[in-house]
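> need coordinates for the following:
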Amino acid sequence: MLRFLVRRVALGVLVMALVTVVIFFLFFAGGSAMTVARRIAGKNASPQTVSLIYHRLHLNQPVLEQYWNFVVQLVWHHNLGYSYYHQQPVSTVLAQAVPITFSLALGASIIWLVLGVVSGVVSAVRRGSLLDRVTTGLAFFFYSMPVFVLGLLLLWAVSDQLNAHGIHIFPGQGYVYFTQNPVQWFEGLVLPWITLALISAATYTRLTRSSVLEVLGEDYIRTARAKGLTERRVIFRHALRSALTPVVSQFGIDVGTLLGGAILTETVYGLPGLGWTAVNAIGSQDLPVVAGIVIIASAAVVAANIVVDIVYAVLDPRVRLH
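Prediction:
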């Protein structure tokens, strides 16, 4: 198990090293030194700012030295650069956005995982029944619905209608940090959680259903039933553990991607998370912030996949041999 974990972590470190190379050459090494400085400065930057960037980033040095300085600042000093548009470090800008996206991803992922797995198991066990048809139909319905459409519908049907009748439970838009007011933090995230969960749970319902049905046809399941085990024990003790491996893989990909920023959901609900910040940074040509978000998103995907590999190995010990 330890060797398996070390290999996965080493592979993750290699991937992140390649990511830093790509980011550096895309954002900081394309064109002449003054062109790079002007691009990093953003829109409507003064000549003085461009000159400051040119000297501060040592753009007159060879490219390899510039890359080494970039990696040293990133790894040892956790310095993601400086946003000349916001006039503050990129880490400060992202420190305000990361908790919002993390809160959104945490709540939504728990809801969609529980909802998707439970509905998928029930649908598989009741295969061909009315409940199976209804569950499958709802999964297709929400899977086909765009995020912004469902978000706007929930805003109108829940938040606007309740507010119109004097019931101010769901604010609709905006964000309150957990440390400021936990109750308002929860109220402000309920609708975004539901929006993401309903759409994502559809994938897990279909995936769990097909996986459970496949496992139920295995010989060891028939043997377990022949031994006289109850159906509940057969499903949850024997079948579900094997059926969860593809679900875990999908969950890691989805959570890692979501931590990189749920752009549409954050835009609809006015949540200034990583996705919302990325859109604004692109519009203002604030390249250091864009580069910082790309690094964080890449790290989230790599970390999520390492965790998935560990869980996968626990569920299926055969994986450790590869």
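
> list the contacts of the host helix or strand of residue 18.
Using DSSP states H and E, residue 18 sits in helix 2-23. Residues outside helix 2-23 that contact it (CB atoms under 8 Å, 6 or more residues apart in numbering): 67, 70-71, 74, 291, 294-295, 298-299, 302-303, 305-306, 309-310, 313, 319-320. In this view, the C-beta of every residue, glycine as well, is placed from N, C-alpha and C.

> among the residues you listed, name the ones in strands.
Judged by DSSP state E, strands contain none of these.

> whichever of these end up buried, select them in ChimeraX.
Buried residues within those, by 16 or more other CB atoms under 10 Å, are selected in ChimeraX with:
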select :67,70,74,291,294,295,298,299,302,303,305,306,309,310,313,320
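
> in the helix holding residue 18, what counts as buried?
4, 8, 12, 16, 19, 20, 23.

> likewise stretch 222-240?
Neighbour-count burial for stretch 222-240 [16+ other CB under 10 Å]: 224, 234, 235, 238, 239, 240.

> then stretch 175-182?
175, 176.

> give me the contact list for it.
Residues outside stretch 175-182 that contact it (CB under 8 Å, 6+ apart): 99, 100, 103, 184, 185, 188, 189, 270, 271, 272.

> buried only: go through those residues for me.
By neighbour count, with 16+ other CB under 10 Å, these hold 100, 103, 185, 188, 189, 271, 272 as buried.

> show me how far the helix or strand hosting residue 111 is from its chain's centre.
Residue 111 is part of helix 90-125, with elements assigned from DSSP H and E. On the basis of CA atoms, centre = their mean, to the nearest Å, helix 90-125 sits 8 Å off its chain's mean C-alpha point.

> likewise for stretch 239-257?
Stretch 239-257 sits 14 Å away from the centroid of its parent chain (CA atoms, centre = their mean).

> use 38 as the first number from now on
Done: numbering now begins at 38, and the last item shifts to stretch 276-294.

> can you tell me what sits against that stretch?
Residues from elsewhere that reach stretch 276-294 (CB under 8 Å, 6+ apart): 142, 146, 150, 153-154, 158, 237, 240-241, 244-245, 248-249, 251-253, 255, 258, 334, 337-342, 344-345, 348-349, 352-353.

> quick one: mean pLDDT for it?
Per-residue pLDDT over stretch 276-294 has a mean of 81.

> export it to PDB, keeping only CA atoms.
The C-alpha coordinates for stretch 276-294 follow below in PDB (Å, rounded to 0.1, in the frame of the first residue of the first chain):
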ATOM      1  CA  ALA A 276     -22.500  -5.800  -4.300                       C
ATOM      2  CA  LEU A 277     -22.200  -2.100  -3.400                       C
ATOM      3  CA  ARG A 278     -18.500  -2.200  -2.500                       C
ATOM      4  CA  SER A 279     -17.500  -3.500  -5.900                       C
ATOM      5  CA  ALA A 280     -20.100  -1.300  -7.700                       C
ATOM      6  CA  LEU A 281     -18.700   1.900  -6.100                       C
ATOM      7  CA  THR A 282     -15.300   1.800  -7.800                       C
ATOM      8  CA  PRO A 283     -16.400   3.600 -11.000                       C
ATOM      9  CA  VAL A 284     -18.500   6.000  -8.800                       C
ATOM     10  CA  VAL A 285     -15.500   6.900  -6.800                       C
ATOM     11  CA  SER A 286     -13.500   7.600  -9.900                       C
ATOM     12  CA  GLN A 287     -16.200   9.900 -11.300                       C
ATOM     13  CA  PHE A 288     -16.500  11.600  -7.900                       C
ATOM     14  CA  GLY A 289     -12.800  12.500  -7.800                       C
ATOM     15  CA  ILE A 290     -12.900  14.000 -11.300                       C
ATOM     16  CA  ASP A 291     -16.100  16.000 -10.600                       C
ATOM     17  CA  VAL A 292     -14.900  17.400  -7.200                       C
ATOM     18  CA  GLY A 293     -11.400  18.300  -8.600                       C
ATOM     19  CA  THR A 294     -13.000  20.100 -11.500                       C
END
